[in-house]
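K.L.:
missing the sequence, but the structure's below:
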């Protein structure tokens, strides 16, 4: 037997799926759904009655949670739809680099440097102005299907 320790470099995740199936008829407004391979928040659901042949259909209108585009899909209510695992996490803003990336402090004290500033003009100006004024800012990062984006901002007071 060898006493050497083996270290494996692995780029794979634990095999956790980015989505889970849910019956179309059970998805409600303000829930999440995958439409055209994009994670969306459901803003409207309408169900048609069954026809002479076939299933009741659910008509979903969703807004992409990352780029704000409106997407639509029609699915038989008895079929399964993909629902994204959507997570939100709060991080403290440490720094903004010139190339548009932010440096965030995680709960365990590590830094997260792989996020870009948001594309939303209003949120972008709030973050830049607040940071320039020396305020302590906490950003909310939403992640789904391998994408992450800053979606909200909280001011927790100024640095003293």
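P.N.:
Structure received. Nothing here was measured: the structure is a model prediction, and the numbers come from that model.
K.L.:
state the distance from residue 21 to residue 124.
P.N.:
As judged by Cβ to Cβ, to the nearest Å, residue 21 and residue 124 stand 36 Å apart. Using the backbone N, CA and C atoms, a C-beta is placed for each residue, glycine as well.
K.L.:
and what of residue 35?
P.N.:
Using Cβ to Cβ, residue 35 is found at 26 Å from residue 124.
K.L.:
who's more crowded, the two?
P.N.:
Taking other Cβ atoms under 10 Å, residue 35 and residue 124 do not tie; residue 35 has more neighbours (21 against 15).
K.L.:
contacting residues for the more buried one?
P.N.:
Counting by Cβ atoms under 8 Å, 6 or more residues apart in numbering, residue 35 touches 60, 62, 71-73.
K.L.:
one more time with 10 Å
P.N.:
Contacts of residue 35 were listed using Cβ atoms under 10 Å, 6 or more residues apart in numbering, and they are 42, 60-64, 69-73, 75, 81-82.
K.L.:
just among those, which is most surrounded?
P.N.:
residue 62 (25 neighbours).
K.L.:
what bridges to the residue positioned nearest the centre of the chain?
P.N.:
Nearest to the geometric centre of the chain sits residue 143, at 3.1 Å (Cα atoms, centre = their mean). Taking DSSP bridges as the rule, residue 143 bridges to residue 87, residue 148.
K.L.:
that one and residue 53: what is the separation?
P.N.:
In this view, residue 143 and residue 53 are 42 Å apart by Cβ to Cβ.
K.L.:
likewise residue 136?
P.N.:
62 Å.
K.L.:
what are the contacting residues of stretch 92-101?
P.N.:
102-107, 111-119, 124, 127-128, 130-132, 135-139, 150, 153-154, 156.
K.L.:
buried ones in that stretch?
P.N.:
Within stretch 92-101, the residues scored as buried using 16 or more other Cβ atoms under 10 Å are 93, 96.
K.L.:
what's the first-to-last distance across it?
P.N.:
One end of stretch 92-101 to the other measures 14 Å (Cα to Cα, to the nearest Å).
K.L.:
with stretch 115-135 instead?
P.N.:
Note: stretch 115-135 ends 20 Å apart using Cα to Cα.
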